[in-house]
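Chemist: Return atomic coordinates for the entry below.
(chains A and B)
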Amino acid sequence: MLLRTRILGLFALAILLVAASVALPGWLVLRNQEERIVGLRIAAQSGEVREALDRAARPLTAAARALAADHAILTALEESNQAALRARLAALREEGGPLSGMARADIIGAGGQLLASTPGAPSEEALVSAEAVLQELQADGQASGLEREPGGRMLLVSAARLPQGGLVAVAGDAEEALQGIARALHADLFLTDRNDRLLFATASGSWPLVEQALAADPAGAAALDAEGKTYRIVPTALTNSAGAPIGRLLVLRDATAEARRHALVLLLAGALLALAAATVCAILYRTIRAALDPLTGLAGALRALAGGDIYASAAVPERRDEMGEIAQALEALRATGLAHERQETRDRLVRAQHQALIRREMARLAAVLEGPEREETMALLRRAQDHAEAAGTSMERAGGALALAFERMSAQVIAKHGQLAELLEARTRDLDIVRQALAERMQLNRLREELEVARQLQLSSLPAEMPSRPEFRLHASMLPAKEVGGDFYDFALLDRERLALFIGDASGKGVGAAIFIAMARSLLRSAVSRGASPAEALAQANDALAVDNPTMMFATAFVGILDLPTGRLRFASAGHNAPRLRRADGTEGMLHGPEGIALGIAEGFPFEDREATLGPGDVLLLYTDGVPEAVGPGGFFGDDRLAKVFGTPGSADPRAVIEAVSAAVTEFAGNEQQADDITMLCLHYSGNNACTEPEARFVAPA
Amino acid sequence: MDQSTQTGGVVVTHQLAGRIDTSTSPAVEAEIKAKLAAGSTRILLDMREVTYVSSAGLRVVLLVAKQAKAAGGNLALFGLQPSVREVFDISGFGKIIPIAASEAEARALIGA
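Modeler: Next up, the predicted model:
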């Protein structure tokens, strides 16, 4: 049910309740008042009736008193002369007497017996009950009431006390009195007995109605409607002169006007109440309506808004109360919704742009891939594009396809990158190697240069010019296996008559050997030039070289000093190959000497000199073991082959000899690499005789 | 160049074979030196399978002999082939390095 309806209903109910709570007590009060009024009416009427009856009974009372005071009666009483009483009574009834017009008069004795009555009593019964009346008389001195004659006639009786104790009761026609009352009251009277039987009525035509009303309400106080008028019945209880009830007097009054007035007042009150209620209702209705009216509109707009229709609004006039606040809030909500929608549209657009951008860049990036991977990526990109362009595709789906393409491409690019990284690493390693190699090569070049320098040094240090003397011819050659050699040869003219010859071979090859042999050479040379014999020179050199030689380098050496005039050769060997000597007659052999030990190992070794004599035409060949130990396909060159070559008679020219041997060795070696330094020193001794062959001046091999 | 060693505590026998020249001598030198450092100071060199000794080989022998001596031990060779013996003889090193004809003799030489 609508809120408005509920509120209105509640309010109406409240008003009704209020009205009821006003009306109900009012009605109850009215009712109560009515009852009271009825009571009052009855009381008032009772009073009126009583008064009227009293008034009507006055003459009766006066008559009764008069009688009670009548001398004659009194006397008769005393005499108990009933006849006198009757006569007096009759006399009094005469015109002008106190009893004229009276219906009856009784004189009642103290015991209640009827003493006399006028007119003649239809019965022996007194009008009234003496005892009761006497009692009543004692009470207020007057007793009057209505009595019913046995014949049915209503009498108004009034009693007076007799001095002797008895009563005088005088009765008048009640009907007259009643009529008088009726006139006085402006109403109709109905006299009923104790059984509600009608005794007397002023308007007997209305009796049926009254009877009906009585039947309905035996109490007698009722209202009845007849012929468009409203009548009220007010009962009054009637008592006789003894005070006992004998019936009722029902007064039928015309209460129409009163009733009408009453009704009118009630109507007015009710109308006022209703009007007030209605007015309040109307005002409330209007107010609530006006207050809640916008609510419908707002509710509708809110519902629409919740349903997604952001353009719905409620046309609510500006108000400052809660409705106004709600309306403002609704507007704010709408504005937010609109802004949100606009934002969303913008976002969608931006997102689409982003996706397009990403797709473009991805397509570019895919260029770094190759072959099948590239194809895959491009295909996924195309699909993503189709998704994006297809109408009705949600942002999410388009984004999802793009994300998939991106993921794949990402994986491929990473894999590719990994490959490239490995490749780079490998190349870097290679580069490092190359750089290292370059550095080494540079170093090598430097070393080579230095070696070349050393080589030049070494070679140039060898005696440049062969001495030119008639006694001998000399030739030497040195072929290092490496850039520098570990061999040396040397010769020097010590003085005009002595020629020193040296040859040596340091262990190993190369720079180490060259340095060692250089040392050995200088030592030997300086020793000999100081005058040492070959053995002494070897010993000195040996001792010097043996000191501080932890690597055990050694050098074999041969020193010879030739006395040119005599041809005497003094020589010593330190572990060196024995020289070969070819005599002029062609015999060839080795020049053995005491076995010395190679230089540099055993300090203090005793070297020994030996002597041999050269004859003219003898050829001496000093050589290092590079000759016999030259390696060829057939093994070592060997001493035998050397002997053969050297021993072959041919030119005695030292140069030719050396060349021959060299040629033999070269031929023997074939393609084999030179194993050791090949050094030779060849001397041809011609003695003091003039040589037969022309001197050849030559230069040491370069 | 093969070599194998038999160790008997302080005494060690190195069996050398093939060529002892510039290329192979470093290995020989290292092996003998290692055993020497481990305490085997009395060294026997079994030369029966050695075919050729160059000056580099000679140097190695001289070197380890000197070190053995310095460590309180000794070194001896035995079983030299004629060509190899000749090298020792010519260089004169046969005079300073004990060379025996047999293993027993070699042992006796170094006091093992």
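Chemist: Tell me how many other residues crowd residue 109.
Modeler: The chain I'm using is chain A. 19 (other Cβ atoms under 10 Å in any protein chain shown). Backbone N, C-alpha and C define where each C-beta goes, glycine included.
Chemist: should've been chain B
Modeler: Applying other Cβ under 10 Å, I find that B:L109 has 18 neighbouring residues.
Chemist: Likewise for A:C281?
Modeler: When neighbours are defined as other Cβ under 10 Å, A:C281 has 16 of them.
Chemist: what about it, helix or strand, and which?
Modeler: A:C281 belongs to helix A:256-306 when assigned by DSSP states H and E.
Chemist: Please name every helix or strand in contact with the next helix or strand after that helix.
Modeler: Of the helices and strands lying after helix A:256-306 in sequence (DSSP H and E), the nearest is helix A:322-365. Other elements packing on helix A:322-365 under the criterion 3 or more Cβ pairs under 8 Å, 6 or more residues apart in numbering or on different chains; DSSP states H and E are helix A:256-306, helix A:371-389, helix A:395-461.
Chemist: Remind me what the helix holding A:C281 packs against, helices and strands.
Modeler: Using 3+ Cβ pairs under 8 Å, 6+ apart, the elements in contact with helix A:256-306 are helix A:3-69, strand A:229-239, helix A:322-365.
Chemist: about what we covered before: just the helices and strands packed on helix A:322-365: most buried one?
Modeler: Stretch with highest mean neighbour count among these: helix A:371-389 (a mean of 16; mean count of other Cβ atoms under 10 Å in any protein chain shown).
Chemist: how about the residues of chain B near chain A?
Modeler: B:22, B:55-56, B:58-60, B:62-63, B:66, B:89-93, B:95-96 (Cβ under 8 Å from any Cβ of the partner chain).
Chemist: okay, among those residues, which ones form the most distant pair?
Modeler: Farthest apart among the residues of chain B next to chain A by Cβ to Cβ are B:T22 and B:K95. That separation is 24.2 Å.
Chemist: Give me the neighbour count for B:A34.
Modeler: B:A34 sits with 11 neighbouring residues when counted by other Cβ under 10 Å.
Chemist: repeat for the one 3 residues further on
Modeler: B:A37: 11 surrounding residues under other Cβ under 10 Å.
Chemist: Kindly report the same for B:A70.
Modeler: Neighbour tally, B:A70, other Cβ under 10 Å: 10.
Chemist: B:V64 versus that one, what's the distance?
Modeler: Here the criterion is Cβ to Cβ, to the nearest Å. By it, B:A70 lies 10 Å from B:V64.
Chemist: is it true that A:Y285 touches A:G9?
Modeler: No - in this structure, A:Y285 is not within contact of A:G9 by Cβ atoms under 8 Å, at 10.6 Å.
Chemist: about what we covered before: so which of the helices and strands packed on helix A:256-306 has the densest surroundings on average?
Modeler: When the helices and strands packed on helix A:256-306 are compared using mean count of other Cβ under 10 Å, strand A:229-239 is most buried, at a mean of 20.
Chemist: and that strand, which strands flank it?
Modeler: If you go by DSSP bridges, strand A:229-239 pairs up with strand A:222-226 (antiparallel), strand A:245-254 (antiparallel).
Chemist: So which bits of the first one are buried?
Modeler: Of the residues in strand A:222-226, those buried by neighbour count under the rule 16 or more other Cβ atoms under 10 Å in any protein chain shown are A:222, A:224.
Chemist: That strand - what's its average pLDDT?
Modeler: Here strand A:222-226 scores 77 as its mean pLDDT.
Chemist: Could you pick out the residues of chain A near chain B for me?
Modeler: A:505, A:507-509, A:551-554, A:556, A:574-577, A:595-598, A:601-602, A:605.
Chemist: and the strand or helix carrying B:A65, what other elements does it pack with?
Modeler: Here B:A65, judged by DSSP H and E, is contained in helix B:55-70. Where contact means 3+ Cβ pairs under 8 Å, 6+ apart, helix B:55-70 is packed against strand B:11-20, helix B:25-37, strand B:42-53, strand B:74-78, helix B:82-91.
Chemist: ok, 6 Å please
Modeler: With contacts defined as 3 or more Cβ pairs under 6 Å, 6 or more residues apart in numbering or on different chains; DSSP states H and E, helix B:55-70 has these neighbours: helix B:25-37, strand B:74-78.
Chemist: residues making contact with that helix?
Modeler: Outside helix B:55-70, the residues within contact range by Cβ atoms under 6 Å, 6 or more residues apart in numbering or on different chains are A:507-508, A:552, A:601, B:20-22, B:25, B:28-29, B:32, B:36, B:41, B:43, B:74-75, B:97.
Chemist: Stretch A:484-497 too?
Modeler: Identification of contacts with stretch A:484-497 by Cβ under 6 Å, 6+ apart yields A:454-455, A:458, A:463, A:467, A:476, A:478, A:499-506, A:508-509, A:511, A:513-514, A:517, A:521, A:564-565, A:624, A:677, A:679, A:681.
Chemist: Tell me which residue lies nearest the centroid of chain B.
Modeler: Nearest to the geometric centre of chain B sits B:L45, at 3.6 Å (Cα atoms, centre = their mean).
Chemist: give me every residue that touches that one.
Modeler: Taking Cβ under 6 Å, 6+ apart, we find B:L45 in contact with B:14, B:77.
Chemist: what do you get if the cut-off is 8 Å, keeping everything else the same?
Modeler: Applying Cβ atoms under 8 Å, 6 or more residues apart in numbering or on different chains to B:L45 gives the contacts B:13-14, B:16, B:61, B:75-78.
Chemist: Among those residues, which one sits closest to chain A?
Modeler: The closest of the contacts of B:L45 to chain A turns out to be B:V61 (Cβ to the nearest Cβ; 8.6 Å).
Chemist: how many neighbours does A:T587 have?
Modeler: Count around A:T587 with other Cβ under 10 Å applied: 10.
Chemist: separation between it and chain B?
Modeler: A:T587 sits at a distance of 23 Å from chain B (criterion: Cβ to the nearest Cβ, to the nearest Å).
Chemist: What values do phi and psi take at that residue?
Modeler: phi -70, psi 140 (degrees, to the nearest 10).
Chemist: hey, which helix or strand in chain B has the poorest pLDDT?
Modeler: One helix or strand of chain B scores below all others by mean pLDDT, DSSP states H and E: strand B:3-8, with a mean of 69.
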